[in-house]
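Asker: can't give you the sequence, but here's the structure:
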């Protein structure tokens, strides 16, 4: 029987991106039913004035891709995976880079929607926040809350749910391939299924890079 796997992602998060590509490799060697659901670093970090100005600018930029992901999740969930893959590839692997400020990813979103076969009008959701017609901000906040309910409020993205058990991570900096990907998945399932397992961590010495 296929193991249901749901990954909660923020399009702009490099750690989530590497984890998401690992799960794509797992699909090739394990029987899993993989789906993606949006969460939001912008919501998670809202109101944190102690953060550096550059990071606050990055969070402002992150609203756009996340709001569009939420709109797709609500209206055409079958296209979320393709949208995330297209947008993530551009941001993390193809040189688009991480940006700052409202609307910074509009070109990436437009290209990702086209590649995913979604209507270009979804781009409009990137600029609808608050209590305005057509906003999906409330729903994005609900997706974020759902992810946090599963793992607690002191973590970020990614959140991965394996067969009903959820945890933050795994945080990896390279994408394991083939049986290596499967073995790590098996270990994650084993640890995640133990009710009294909470954390396994060491200091990170390198940045995430899905291209290596």
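Answerer: Yep, it's here. Because the structure is predicted, anything quoted here is derived from the model rather than measured.
Asker: Which positions in the biggest helix by length in the chain come out as buried?
Answerer: Secondary structure assigned by DSSP state H gives helix 53-75 as the longest helix of the chain. In terms of neighbour count (16 or more other CB atoms under 10 Å), helix 53-75 has its buried residues at 56-73. Just so you know, the C-beta spots here come from the backbone N, C-alpha and C atoms, and that holds for glycine as well.
Asker: For the chain, just list every one of the helices.
Answerer: Ranges of helices within the chain are 14-29, 41-44, 53-75, 80-88, 106-116, 137-151, 178-192, based on DSSP H.
Asker: Just put those in CSV and tack on distance to residue 162.
Answerer: CSV is the format used below for the helices of the chain (distance: least, CB to CB, whole Å):
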stretch, distance to residue 162
helix 14-29, 10
helix 41-44, 22
helix 53-75, 20
helix 80-88, 17
helix 106-116, 25
helix 137-151, 11
helix 178-192, 5
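Asker: Go through those and name the closest to residue 207.
Answerer: The minimum distance between residue 207 and those falls on helix 14-29, with 7.2 Å, by CB to CB.
Asker: Mind giving me the packing neighbours of that closest one?
Answerer: strand 3-9, strand 32-38, helix 80-88, helix 178-192 (3 or more CB pairs under 8 Å, 6 or more residues apart in numbering; DSSP states H and E).
Asker: Might you report the residue contacts of residue 137?
Answerer: Applying CB atoms under 8 Å, 6 or more residues apart in numbering to residue 137 gives the contacts 67, 70, 128-130.
Asker: Residue 58 too?
Answerer: Applying CB under 8 Å, 6+ apart, the residues near residue 58 are 12, 98-100.
Asker: Which among those residues count as buried?
Answerer: Buried members of the contacts of residue 58, counted by 16+ other CB under 10 Å: 12, 98-99.
Asker: In the worst-scoring helix or strand of the chain on mean pLDDT, which residues are buried?
Answerer: Counting by mean pLDDT, DSSP states H and E, the chain has its least confident helix or strand at strand 165-168, which shows a mean of 89. With burial defined by 16+ other CB under 10 Å, the residues of strand 165-168 counted as buried are 165-168.
Asker: So which of those residues is the closest to residue 183?
Answerer: Nearest member of the buried residues of strand 165-168 to residue 183, counting by CB to CB, is residue 167, at 17.5 Å.
Asker: Cool, thanks, talk later.
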